[in-house]
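Q: A predicted structure for the sequence below; I have some questions about it.
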Amino acid sequence: MLEDRRLRLLSAMAEADLWPADSPWVRKAMESVPRDRFAPETVWTWTGERYEAVRRAEVPEAWAAEVYPGPYGSTVTQVTDDMPTSSISCSAIVATMLDSLVLEPGHRVLELGTGSGWNAALLAERADEVTSIEVDVELAARARRRVEAADRRVRVITGDGDAQLPEGEAFDRVISTYAVDHVPWTWVERTRSGGRIVTPWGHTGCVALTVAEDRASATGWMQAPARFMPSRRSGRLPSPFDRVRAGGRGLPAAFPRPLQTLSRPDVLFALRVLLPDVQIDTRTGGDTQAAWLSDGCSSWAVLEQTSAGVTARHGGERNLVDEATRAWSAWEERGAPGMYDFGLHLTADTHHVFAGDDPHGPGWTPLA
């Protein structure tokens, strides 16, 4: 059963042309390092209302289905206060990020966010040295045991991946498995000249940065749509939508846009750039077209497509319907660049978001 699901996932990756052609080692690594060896005995599934435990000893088939979903399915491995706080990422985005890292034999790699240890074990299939940092003491201990059991050489350190990096060490490649709003300059400082940094950025994408020869800057462009859990150093985890809404009916509002276009990656990414603290979830299928917006704290909005147009309601201190409308207009007024046109240019003092080929071009700052 487990082996059948593993082979089915590998075949689905091939059928969807998701194996990176420039990094054939990625496919070989995933074939030789199974996800289930790094999954805990209890994983979690979303019921539509809450996360429920799926225990291997009680429901082995359901557990296997959670561990081996489709190429774009992740496996939630830890839930804290009703929110997912660790997971085994979906195979498709893991493959894309490993490809973007341009990893070569002989490289020394620093991973931020060990989680289950699976990604670190994949890195160890290619790199000579892999150091992985995990802030959660229990997760770090379990990951250490799993990579050792899988006979992969990974140094797992317990610490803060944003700040507590190994003293005096420089790495050829740095990869993060959690999302950051601002790429820590400490990551650039620990990357060698010409090295690469790959990290999820914000809610909806991942970026690959190349460190300049003088190590005074790092520049790169977006690589793929991606949604990752935020850094725990951000101060708080966003509250679930239902908790932010708290049953409130809210106020009616106008949303003069066709809702089906909101789910386009280019639109979602542009809104992420201009409204970095607003998370947007969309659902499109059959006769259902809806979107939920939340700042993870006190403000929310619900959009629904009807035969008469889009109905919208909002609640809380902010009018997120109005903010999304203004952000969408601002994006169009600036030429509606696609997600892959956006990039980051970092120095010790600046975090410059740009669109196009010029890293020093006009910046994209959040709407006030």
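A: Right, received. Where do you want to start?
Q: From here on, just use CA atoms for contacts and neighbour counts.
A: OK.
Q: Got the confidence number for the residue nearest to residue 338 when sequence neighbours are not counted?
A: Distances taken as Cα to Cα, 6 or more residues apart in numbering place residue 266 nearest to residue 338, at 5.0 Å, with adjacent residues excluded. We have a pLDDT of 92 for residue 266.
Q: what about residue 266, which SS state?
A: Secondary structure, DSSP: H, G, I helix; E, B strand; the rest coil: residue 266 is helix.
Q: For the residue in the chain sticking out farthest from the centre, list the residues it contacts.
A: If you look at how far each residue of the chain sits from its centre, by Cα atoms, centre = their mean, the farthest one is residue 308, at 35.5 Å. Counting by Cα atoms under 8 Å, 6 or more residues apart in numbering, residue 308 touches no other residue.
Q: i'd like the first residue to be 391 from this point on
A: Sounds good: first residue 391 from here, last item residue 698.
Q: who's in contact with the residue nearest to residue 728?
A: 727-729.
Q: Likewise for residue 658?
A: Taking Cα under 8 Å, 6+ apart as the test, what residue 658 contacts is 594, 652, 670.
Q: Neighbour-wise, give me the winner out of those.
A: residue 594 (23 neighbours; other Cα atoms under 10 Å).
Q: Look up phi and psi at that residue.
A: In terms of degrees, to the nearest 10, the main-chain angles of residue 594 are phi -130, psi 10.
Q: all strands of the stretch 641-758 of the chain, in order?
A: 641-643, 669-675, 678-684, 690-696, 699-705, 732-736, 741-745 (DSSP state E, counting those that start in this stretch).
Q: mind putting those in TSV, distance to residue 606 and mean pLDDT included?
A: Shown next, in TSV, are these (distance: least, Cα to Cα, whole Å; pLDDT from 0 to 100):
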stretch	distance to residue 606	mean pLDDT
strand 641-643	47	94
strand 669-675	32	82
strand 678-684	36	89
strand 690-696	40	91
strand 699-705	44	92
strand 732-736	8	97
strand 741-745	13	96
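Q: Determine which of those approaches residue 458 most closely.
A: Proximity to residue 458, assessed across the strands of the stretch 641-758 of the chain by Cα to Cα, is greatest for strand 669-675 (22.8 Å).
Q: Direction included, what does the closest one pair against?
A: Sheet pairing here is set by DSSP bridges, and for strand 669-675 it gives strand 678-684 (antiparallel).
Q: hmm, who's touching the strand it pairs with?
A: Residues contacting strand 678-684 (Cα under 8 Å, 6+ apart): 631, 634, 649-650, 668-674, 690-695, 710.
Q: would a markdown table of the contacts of residue 658 with distance to residue 750 be doable?
A: Formatted as a markdown table, these follow (distance: Cα to Cα, whole Å):
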| residue | distance to residue 750 |
| --- | --- |
| 594 | 23 |
| 652 | 29 |
| 670 | 29 |
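Q: next SSE after whichever strand or helix holds residue 578?
A: Taking DSSP states H and E as the criterion, residue 578 maps to helix 575-579. Heading C-terminal from helix 575-579, the first helix or strand you meet, by DSSP H and E, is strand 581-591.
Q: tell me which residues of that following strand are tucked away?
A: The neighbour-count check on strand 581-591 (16 or more other Cα atoms under 10 Å) flags 581-591 as buried.
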